[in-house]
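Undergrad: need a structure here:
(one chain, ligands or ions: 1)
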Amino acid sequence: MLNSLLWPHANTCLCFYAAVVLCVLVFLIGQLVKMLLSPYQESMPQIPPGSQGLPLIGETLQFMAAINSAKGFYDFVRIRSLRYGNCFKTSIFGQTHVFVSSTESAKAILNNDSGKFTKRYIKSIAELVGDQSLLCASHQHHKLIRSRLINLFSTTSLSLFIQQFDKLLVKSLHTWENEGTIIVLDQALKITFKAMCKMLMSIEDGQELVILQQDIAHVCEAMLAFPLRFPWTRFYKGLKARKRIMSTLEKIMAERRRCSLPNNQQDFLQHLMIGNDDKSCSEQVSRLTDSEIKDNILTMIIAGQDTTASAITWMVKFLGENQNVLDRLYAEQFHIADKTSKRPFVTLEDLNEMPYASKVVKESLRLASIVPWFPRLSLDECEIEGFKIMKGWNINIDAKSIHLDPILYEEPNTFNPSRFDDDSKPYSFVAFGMGGRTCLGMNMARAMMLVFLHRLVTTYKWKVIDSDSSIEKWALFSRLRTGCPIHVSRINTN
Ligand code: HEM
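TA: Numbering: from 1, shown residues only. Prediction:
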């Protein structure tokens, strides 16, 4: 009886102790596994710091607010870069964007030896420039288009372009004297646009040019707009303008085919069409379709006009505010003017004899950072700056931060062309990008800036009237809101 009473009790005790031992064992094994894994977990890269903002819209509203402010859209990046450091994450238009600003990351991403990155613009931009545009094409398609376009940017075409640009500029500068006050940006936009249209399609004057310039401006304004398709929205107007530009190009191409223009017409469009229409061309030579030609003519106007005009405007402002730099520039430019004044045009060789002006151009491009960041897409999971980057994230190389990094540039906010007396550190100057997507028109842009500098400095003295540095709202590239008004007076060379 006693046994019968004791045994069930003993059984219960045994079960209890066994359960306790089991629990302790499970706990100890858990701790052991945690200990073994913990060094691994600590070394696992974390995702970059930053805020994803509100559900769905992320930080889109803050980004749009920056686009619509006098500080310009880069301010969105600047504030976060100060808060989180040289690699941070945000969410815009429903997508994750990472911004990085070290030279090492710029090198890895722009060189893209790993093949883990491709270029990507937001969808609305791709719609405006066209999906056959060099800017939006995927890796292989981009290679094909770039290989065709790069032939257009030869030294011969650069020399011809310099002549054409100089001719237009001299004509335009002539009229400045009567006007007294000049808005540099407006003038630079007109001249660069004319020069680009002449080089691309031989359009020089007339109503066609005026309408084209207005339409290009609409397309540019739409690029940062919210992609809403209502008749009163910027985006819709941009799409309509693109349609008109496309039909103008179609008309020009049809006309050239109908009238079988001589193949010696020296413009980019004709060169691209010859490549297409010439049936004797080897099949190996990759030809562009009509859509590819049209999208890329539009791309080159957008990529070349606004950027160069903005850069010229900043350069005039920086020079107007730095008399010591201007004095040194006068010495160099008047020396060269002894030669150029005896010839009808400035030549490429003349430009090669302007070492100080070249540094002025470079310093202006650094300080203005016209294209403030370069967008890429991560094709695979990878690590950047010690952070984990997921496949499908947008990675933006923050060129402006690199250009203003005090470790790379002493007193980075000072306009000092002589800082380029010594070679720059690798990837510290990326105004035209680097790697397989480097700016195709960089020599053309530099040439326009140098010719502009030469003619302005040797023709006029100028004073910047409004020193306001606010940035134009909704501008795709960093443009001065005032357009830099200057008062000019002709230099008496007698
Ligand atoms: C000061 C003026 C200019 C600046 C600052 C500038 C800057 C840039 C930058 C930074 C890129 C590369 C962006 C990236 O890697 O994502 C680029 C690409 C490009 N630029 Fe320029 N650019 C200028 C003038 C021009 C001109 C005059 C043309 C003439 C047509 C031009 C045509 C292009 C083209 C076609 C691309 C795309 C290249 C590609 O994706 O393969 N640019 N530009």
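
Undergrad: Now do Thr307 against Pro372, distance only.
TA: 12 Å (C-beta to C-beta, to the nearest Å). In this view, the C-beta of every residue, glycine as well, is placed from N, C-alpha and C.

Undergrad: More neighbours: which of the two?
TA: Thr307 (23 against 20; other C-beta atoms under 10 Å).

Undergrad: ok, the more buried one - contacts?
TA: By C-beta atoms under 8 Å, 6 or more residues apart in numbering, the contact list for Thr307 reads 370-371, 445, 477.

Undergrad: Make a markdown table from those and add pLDDT and secondary structure to it.
TA: A markdown table is the format used below for the contacts of Thr307 (pLDDT from 0 to 100; DSSP: H, G, I helix; E, B strand; the rest coil):
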| residue | pLDDT | secondary structure |
| --- | --- | --- |
| Ile370 | 96 | coil |
| Val371 | 95 | coil |
| Ala445 | 98 | helix |
| Phe477 | 85 | coil |
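
Undergrad: Keep only those that also lie close to the ligand.
TA: Filtering these for neighbours of the ligand using C-beta under 6 Å from any ligand atom leaves 370-371, 445.

Undergrad: In a markdown table: those, plus neighbour count.
TA: As requested, the ones next to the ligand among the contacts of Thr307 are exported to a markdown table (neighbours: other C-beta atoms under 10 Å):
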| residue | neighbour count |
| --- | --- |
| Ile370 | 23 |
| Val371 | 21 |
| Ala445 | 23 |
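
Undergrad: Of those residues, which is the nearest to Ser114?
TA: Ser114 has its nearest neighbour among the ones next to the ligand among the contacts of Thr307 in Val371, at 23.4 Å by C-beta to C-beta.

Undergrad: these two touch, right, Ile125 and Val219?
TA: No: counting by C-beta atoms under 8 Å, Val219 is not a contact partner of Ile125; they are 9.8 Å apart.

Undergrad: contacting residues for the residue of the stretch 151-300 of the chain found nearest the ligand?
TA: Closest residue of the stretch 151-300 of the chain to the ligand, C-beta to the nearest ligand atom: Met300 (3.8 Å). Going by C-beta under 8 Å, 6+ apart, Met300 touches 149, 196, 200, 268, 440-441.

Undergrad: Among the residues you listed, which ones are in helices?
TA: Of the positions in the contacts of Met300, 149, 196, 200, 268 sit in helices, assigned by DSSP state H.

Undergrad: pLDDT score for the first one?
TA: Looking at Leu149, its pLDDT is 94.

Undergrad: so it makes contact with Ala303?
TA: No: in this structure Leu149 lies outside contact range of Ala303 using C-beta under 8 Å: 10.8 Å.

Undergrad: any residues in contact with both of those two?
TA: The contact sets of Leu149 and Ala303 overlap at Leu440 (C-beta under 8 Å, 6+ apart).

Undergrad: correct me, but Leu379 touches Lys391?
TA: Yes: the criterion here is C-beta under 8 Å, and Leu379 meets it with Lys391 at 6.7 Å.

Undergrad: burial count for Arg343?
TA: Neighbours around Arg343, by other C-beta under 10 Å: 10.

Undergrad: circling back: Asp113: which of the contacts of Met300 is nearest?
TA: Nearest to Asp113 out of the contacts of Met300 is Leu440 (C-beta to C-beta; 21.1 Å).

Undergrad: What's the separation between the closest one and Leu189?
TA: As judged by C-beta to C-beta, Leu440 and Leu189 stand 20 Å apart.

Undergrad: So for the two, which residue has more residues nearby?
TA: For Leu440 versus Leu189, neighbours defined as other C-beta under 10 Å are more numerous around Leu189 (23 against 20).

Undergrad: just checking, the more buried one touches Asp306?
TA: Yes: Leu189 lies in contact with Asp306 (C-beta under 8 Å); the separation is 7.2 Å.

Undergrad: list the contacts for the residue nearest to Thr248 when sequence neighbours are not counted?
TA: Nearest non-adjacent residue to Thr248, counting by C-beta to C-beta, 6 or more residues apart in numbering: Leu212, 6.5 Å away. By C-beta under 8 Å, 6+ apart, the residues touching Leu212 are 197, 203, 245, 248.
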